[in-house]
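In: Need coordinates for the following:
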Amino acid sequence: MTFKLDRVAVDEYVRSYEVPWAMKAGFEYDRAIPLSSQQNQEFMKKKRTMSVLAIGGEYGAGSISVDTMRLVSDNVEGETFKECEHTPLRPHAKAA
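Out: Numbers count the residues shown, from 1 in each chain. As a prediction, the model looks like this:
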């Protein structure tokens, strides 16, 4: 499996992150990982009954989203989309 960023994606990342303070949200996400992990451990102690829709892309997290949601809910619908990146919003760029 190979991954190749296309020029449009690279240009969008640069445009988004060159704004002052734009990377702060990404750093805050990483900084919150220990707390999120603790919260998730608590959530897993009792399964939820709510409906959950979990999707993922084959070349991203694969079935991790679906598998993870099944740890916290008994009512999970999910799909892993083939030839797709992180989410099915953009098709996987195949290497030439």
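In: can you give me the strands in the chain?
Out: For the chain, the strands defined by DSSP state E cover 48-57, 73-81.
In: Can you give the distance of the first one from its chain's centre?
Out: Read it as strand 48-57. 13 Å (Cα atoms, centre = their mean, to the nearest Å).
In: quick one on the thing from earlier: now mean pLDDT too, for the strands of the chain, in CSV please.
Out: Below are the strands of the chain laid out as CSV (pLDDT from 0 to 100):
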stretch, mean pLDDT
strand 48-57, 90
strand 73-81, 92
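In: Surely residue 85 touches residue 56?
Out: No: counting by Cβ atoms under 8 Å, residue 85 stays clear of residue 56, with 9.7 Å between them. C-beta: built from backbone N, CA, C; applies to glycine.
In: Which residue of the two possesses the greater neighbour count?
Out: Taking neighbours as other Cβ atoms under 10 Å, residue 85 and residue 56 compare with residue 56 leading, 23 against 19.
In: distance of the more buried one from residue 49?
Out: Using Cβ to Cβ, to the nearest Å, we find residue 56 at a distance of 23 Å from residue 49.
In: can you count the residues close to residue 54?
Out: Other residues lying near residue 54 total 19 when counted by other Cβ under 10 Å.
In: List the contacts of it.
Out: 65, 66, 68, 69, 76, 77, 78 (Cβ atoms under 8 Å, 6 or more residues apart in numbering).
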